[in-house]
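[1] Got a predicted structure here, sequence first:
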Amino acid sequence: MGKLKLGPLEDDKPVKMSVELPAGLHRDLLAYAEILGRENGQDVEPAKLVAPMLARFMATDRGFAKMRHGPRPRSKSAGSVPPKAE
């Protein structure tokens, strides 16, 4: 059997948020929760999967990581001349 990207869920203080999901995505979420529950021997509430899935997505999005930390300062190129002191 393949390995799921999510492991056991951490218990953390939640922040309430309400979202609407397309029906197909909701069905997939239910199926994922069922499979994860079987793999880990625990009951998994589908709504509890949303936060770790989003966290995993954002943690692996290189573009987001680059933009989140802002532009990196440019290094001086070897051929650049420093400004003259007065």
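    That came in fine, so what should we check first?

[2] Now K16: which helix or strand?
    Secondary structure assignment for K16, by DSSP states H and E: no helix or strand.

[3] next one: the one 10 residues further on
    Assigning secondary structure by DSSP H and E places H26 in helix 23-40.

[4] Contacts for that helix, please.
    1, 4, 6-8, 21, 43-46, 48-50 (Cβ atoms under 8 Å, 6 or more residues apart in numbering). In short, each C-beta sits where N, CA and C put it, glycine included.

[5] Give me the PyMOL select line for these, limited to the buried ones.
    Buried residues among the contacts of helix 23-40 (16 or more other Cβ atoms under 10 Å), as a PyMOL selection:
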select buried, resi 6+44+46+49
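
[6] Just flag the most distant two among the contacts of helix 23-40.
    The most widely separated members of these, counting by Cβ to Cβ, are M1 and L21 (26.1 Å).

[7] lowest confidence element among the helices and strands of this protein?
    helix 62-68 (a mean of 85; mean pLDDT, DSSP states H and E).

[8] C-alpha coordinates for it, CSV please?
    Presented in CSV, the C-alpha positions along helix 62-68 are these (Å, rounded to 0.1, in the frame of the first residue of the first chain):
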residue,chain,number,x,y,z
ARG,A,62,8.8,27.0,-3.0
GLY,A,63,7.2,30.0,-4.6
PHE,A,64,5.3,30.8,-1.4
ALA,A,65,8.4,30.3,0.7
LYS,A,66,10.4,32.7,-1.4
MET,A,67,7.7,35.4,-1.4
ARG,A,68,6.9,35.0,2.2
